[in-house]
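[1] here's my sequence, what's the structure:
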Amino acid sequence: MRRSAASIVLIHNHPSGDERPSPEDIELTRRMIEAGRIIGIEVLDHVIIGEKNQCSLKARGLI
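    Below is the predicted model of the structure:
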């Protein structure tokens with residue numbers, strides 16, 4: 001918001017090493033997308049980093 005971003009990509013890691021999104025990750029993503037709509041910042045993707053792989057919620061059709 002301070003830099004007038006038009007869009008963002010959310011990224012976080014799972015210390016367990018499992019890159020699969022939890023139900024909480026999916027719910028948080030949906031809430032962030034809604035908040036972004038309200039303030040005019042599009043959420044392009046949410047990437048979860050695991051031990052050896054990563055998961056894009058957009059690529060999985062969850063966004």
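[2] which of the residues in stretch 53-63 are buried?
    For stretch 53-63, burial by neighbour count (16 or more other Cβ atoms under 10 Å) applies to 55-57, 63. All C-beta spots, glycine's among them, are computed from the backbone N, C-alpha and C.
[3] can you check stretch 9-21 too?
    So for stretch 9-21, counting by 16+ other Cβ under 10 Å, buried means 10, 14, 19, 21.
[4] what secondary structure does the third one sit in?
    Here E19 is coil, with the state taken from DSSP: H, G, I helix; E, B strand; the rest coil.
[5] surely it and I48 touch.
    Yes. Using Cβ atoms under 8 Å, E19 makes contact with I48 at a distance of 5.1 Å.
[6] pretty sure L10 is in a strand, no?
    Yes. Assigned with three-state DSSP, L10 falls within a strand.
[7] and it, how far from R60?
    According to Cβ to Cβ, to the nearest Å, L10 and R60 sit 14 Å apart.
[8] quick one on the thing from earlier: from the buried residues of stretch 53-63, which is closest to G40?
    Nearest to G40 out of the buried residues of stretch 53-63 is I63 (Cβ to Cβ; 17.5 Å).
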